[in-house]
Each structure stands twice: as C-alpha cells, then as structure tokens.
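Visitor: One predicted model, sequence on top.
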Amino acid sequence: ATAAGARVLLVAEPARPGLLDATLAPFRATVEAVGAELGLPVADPQPALDALGPGAFIDAVHPTEAGHRALAEEIVAVIAREGLLAKPR
C-alpha cells in the first residue's frame, strides 16, 4: 500500500473486557511489531474503551455507539498527530 502512495495506519484490536482476552495478545503484539518494523503508526483504542467501562461493548466483540465513537476518536487522534491527512510533496 505504501509503495502505491497510500498513507497507512494500523489499529490494535480492542477486546472486552480490557485485555483479558488472551487470544488477542499475539495479534496485538504482531500489529505493534509490524508497525515498529515498517515505521507505521499504530492506534490503540483499548484505553479509551476501558474508560467507558461496560458501556463500550454490546457483547464481547461489538462496540456500542459510544464504543464506536471512542474507536473513531483514537484513530482520528493518531491521523492528526501523524499528519496523515497532509498531502505528501
């Protein structure tokens, strides 16, 4: 994607409740490692979702409206911080 000129952002998979779901640990570690290896930013919405508590998810996988908002806000924050909307010249 980057070779084609795309600006790439990785997102660490969130889990409910918190990071107690051990099945996601290897996936999250891989996302972090790939981001570090390729110099790509990684958004981690888990802290924002944890701050919402039980209101963040409908079930173990699907966020509520508030959960989706928290996910989006974290991704937008990383996009802004990394300048991913700026046109490269």
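Guide: Nice, I can see it.

Visitor: can you pull out the helices in the protein?
Guide: For the chain, the helices defined by DSSP state H cover 25-38, 46-52, 65-82.

Visitor: So which bits of the longest one are buried?
Guide: With burial defined by 16 or more other CB atoms under 10 Å, the residues of helix 65-82 counted as buried are Gly67, Ala70, Leu71, Glu74, Ile75, Val78. No exception for glycine: its C-beta is placed from N, CA and C like everyone else's.

Visitor: between the residues you listed, which is closest to Pro14?
Guide: Leu71 (7.1 Å; CB to CB).

Visitor: The closest one contacts Gln46, correct?
Guide: No: counting by CB atoms under 8 Å, Leu71 stays clear of Gln46, with 9.9 Å between them.

Visitor: joint contacts of the two?
Guide: Here Leu71 and Gln46 have Pro14 as joint contacts, going by CB atoms under 8 Å, 6 or more residues apart in numbering.

Visitor: mind listing what the most centrally placed residue in the chain touches?
Guide: The residue lying closest to the centre of the chain (CA atoms, centre = their mean) is Val11, at 3.0 Å. If a contact means CB under 8 Å, 6+ apart, then Val11 has Val31, Val42, Ala43, Asp44, Pro45, Leu71, Ile75 as its contacts.
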